[in-house]
Each structure stands twice: as C-alpha cells, then as structure tokens.
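> One predicted model, sequence on top.
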Amino acid sequence: RAKSAGRNTVRFFDASLKEQESMRVQLARDLEQALAANELHLVYQPISDTGSLEIRGFEALLRWKHPLLGEIPPDRFIPIAESAGLIDGIGAWVAEQAMAAAALWPEDIALSLNLSPIQFRRPGLAAQLLRIAQESNLAFARLEFEVTESATLLGFHREEVLLALRSLQQAGARIVMDDFGTGHSSLSNLKDFTFDKLKIDRSFVGVMCDHAPSASIVRATIGLGKSLGLTIVAEGVEDHAQLAQLREWGCDQVQGFLVGRPEDVHGFAPDQAWSCVRAKSVTCAPDAG
Ligand code: C2E
Ligand code: MG
Ligand code: MG
Ligand code: MG
C-alpha cells in the first residue's frame, strides 16, 4: 500500500510539474506574441517628496492583459520572460515606450525603469539604453534604473554588471537599489557599488505602524542610507500614519497607493494635465484638508 501510494504521489507530482511547465511554455508563447502585437502596456506610479508630496518622478510598471486569462501580474510573467529569453526584447520595448512618454513630461520629472538581472548578460546594455534615450530626446540625467541584488550578484557576471551600472551612472542616470532589505537586496552590495538611491521594500513599510521590528528596520535603514549619502525612498506607503512616521524619520521620498497608484499617464498633455496631476498628489497631505 505504501508503495503504491508512493507511486501515485510521484505520478501526481510529475503531472502537476508537467502541467506547470506546459503552462509556462504556453504563457511564454503568448507573451512573445503579445510583445509583437503591442499588447503589453505601461503604467506609471508617482514617486514624491516626503515633505511636500510634490511629484519627483514616475516608475514605469509593465502590464499584460492576457486575452483569455486577464491581467497577469509582472511578478508572474517577468520570470517567464527571463527564462524564455524574452526579457531583452521586453526590456528594450519598455525603455522605448517609457522614454518616449517621459520626453513629453516636464523636465524636472524623472523616469524610473526596472532592469532585470538577466538584461545585464547582454553586452552593450548600457549603450543600448543610451541610444534609446538619445533617440527619444530624453536627457539621461532624468533617468533612474532600479536593480535588485540578484542583478549585482550574478556570480561571474558581477564585474560586468558593476561596469554596466557604472556606465549608466557616468552618463548621468541614478542607480537605485530596489526592494532593499529583502533577499533580493542586501548590505554587501552597498559596499561594492556606489548606489544613488535606496528603496525600502514595501514588506517593511506596509506593516511598520503595527510591527515594531519592521519600524526599527525602516528607521535604521533611513539612517544607514543617509550616512552613505543616499536618497531614501519608501515604497508601499498606504496610509497617513506611515507617511507621518517617514516624515519624522527623514525619509526623502515616498511611493505608494496613498500618494498615487500606477496609472496610464503617458497620454497627459504637458501643461494643464500636469498641474492637475501634481495637485491631486498634494491633496493627500494630512494637513491639507
Ligand atoms: P517593484 O519594482 O518593487 O515595483 C513596486 C511594486 O509595488 C509594483 O507592483 C507596484 O504596483 C506595487 N505597489 C506600489 N505601491 C504600492 C502600495 O502602496 N501597496 C501595494 N500593495 N503595492 C504597491 P507591480 O506593478 O505588480 O510590479 C511588481 C514587480 O514586477 C516590480 O516590483 C518589478 O520588480 C517587476 N516589474 C514591473 N515592471 C517591470 C519592467 O518593466 N521590467 C522589469 N524587469 N520588471 C518589472
Ligand atoms: Mg522598482
Ligand atoms: Mg520595489
Ligand atoms: Mg518589488
């Protein structure tokens, strides 16, 4: 009995692994098609000054609405794109779309792009991003590139990754360590590369008002980052209590549903709409209403 149960278990396990694998293969095919058919799109989430809540920039976030399965989150399809060899094409598409959009924004508004660690395997990534910015007429100083630890710790790729980051930085862009404090981003990288910004992961920020250890981590991270001369961003700010605490602790910038959700802003006309975008953000200030 034990034996046959064991066999069944194994067969079950195989079947579900196979199913998962064929699902991934199917999704990878669909994703490749979606990219070719222009069915991916970008939304933009504001990053604002903690004190004034004035918008300093937008982070481009990728969206995919599958024709049958509906919205598939990037946490699900980016890994598929990475393993299916699609991430270079998708990354280039994101950079082209987002930079073209940002070129129409006011000049003091930055654009943040997420770079997948896999993209750094491509020699000439920095040169490609420089070319796209040039073709979009976007000053490189308006760009921020967000990376996680997996990007800087790709074993034998490490030196190449650091070189690519350095080139982007020397061309005027800022390099952001994303998701700081999680398994993806840690202290060891802070000593080996001069980041410009550090984004505290929302898993800490989201619970910091009800969970003392998370609050300590956020507070200490702000202090650590400041002493390294970095700009500190808190992601996932959802309520006024969190905002007030981050103000008190001197966090430079905030991003989260309280301040602004990821939205389709690329259609905004330069002047009128922008004053509206800025105003909407400022009404979030607790002392504004
Ligand atoms: P990320 O770069 O850390 O982006 C922040 C994520 O937190 C986004 O999820 C955003 O929608 C979400 N978020 C922002 N504020 C709040 C909040 O107040 N509450 C909550 N609950 N969530 C908030 P999203 O858009 O699902 O993206 C997930 C991840 O997918 C991103 O994490 C990034 O790692 C990756 N990603 C998204 N777009 C791209 C892209 O164009 N290229 C690459 N390589 N990765 C991307
Ligand atoms: Mg990011
Ligand atoms: Mg993040
Ligand atoms: Mg994240």
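It's in. This is a predicted model, so every value here is computed, not measured. Ligands and ions are numbered 1, 2, ... in the order given.
> which residues touch the most centrally placed residue in the chain?
By CA atoms, centre = their mean, the mean C-alpha position of the chain lies nearest to Asn114, the distance being 4.4 Å. Each residue near Asn114 by CB atoms under 8 Å, 6 or more residues apart in numbering is listed here: 59-61, 146-147, 178. Where you see a C-beta, it was placed from the backbone N, CA and C, and this is true even at glycine.
> ok, it to Ala60 distance?
Distance of Asn114 to Ala60, given as CB to CB, to the nearest Å: 8 Å.
> Just read off the phi/psi values of Thr50.
Here is the backbone geometry of Thr50 (degrees, to the nearest 10): phi -60, psi -40.
> and the nearest residue to Gly89 once chain neighbours are set aside, what does it touch?
Setting aside the residues directly before and after it, Gly89 is nearest to Leu35 in space (CB to CB, 6 or more residues apart in numbering), at 6.0 Å. Leu35 makes contacts with 86, 89-90, 93, as judged by CB under 8 Å, 6+ apart.
> Just the buried ones out of those, please.
86, 90, 93 (16 or more other CB atoms under 10 Å).
> which regions of the stretch 1-150 of the chain lie under the pLDDT threshold?
Applying pLDDT under 70 to the stretch 1-150 of the chain flags residues 1-15, 149-150.
> what ranges do the strands span in it?
With DSSP state E, counting those that start in this stretch as the criterion, the stretch 1-150 of the chain has strands at 40-49, 55-66, 70-72, 110-114, 143-147.
> Format the ones you listed as TSV; extra columns: distance to ligand 2.
Shown next, in TSV, are the strands of the stretch 1-150 of the chain (distance: least, CB to the ion, whole Å):
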stretch	distance to ligand 2
strand 40-49	9
strand 55-66	6
strand 70-72	18
strand 110-114	5
strand 143-147	4
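> taking the ones you listed together, which one is wrapped up most tightly?
strand 143-147 (a mean of 25; mean count of other CB atoms under 10 Å).
> Report whether that one contacts ligand 3.
No - Strand 143-147 does not reach ligand 3 (CB under 5 Å from the ion); its nearest approach is 6.9 Å.
> what sits up against that strand?
For strand 143-147, the surrounding residues in contact (CB under 8 Å, 6+ apart) are 57, 59, 99, 110-115, 117, 129, 133, 165, 168, 172-178, 196-197, 199.
> what angle separates that strand from strand 55-66?
Using axes from the mean of the first three to the mean of the last three CA atoms, to 10 degrees, the inter-axis angle of strand 143-147 relative to strand 55-66 is 60 degrees.
> Can you list the strands that strand 143-147 pairs with?
Strand 143-147 has the following strand partners under DSSP bridges: strand 110-114 (parallel), strand 174-180 (parallel).
> Tabulate those in a markdown table, adding columns for distance to Thr50.
Shown next, in a markdown table, are those (distance: least, CB to CB, whole Å):
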| stretch | distance to Thr50 |
| --- | --- |
| strand 110-114 | 15 |
| strand 174-180 | 16 |
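> which residues pair with whatever residue of the stretch 1-150 of the chain ends up closest to ligand 3 across the strands?
Closest residue of the stretch 1-150 of the chain to ligand 3, CB to the ion: Glu146 (6.9 Å). Going by DSSP bridges, Glu146 is paired in beta bridges with Asn114, Val176.
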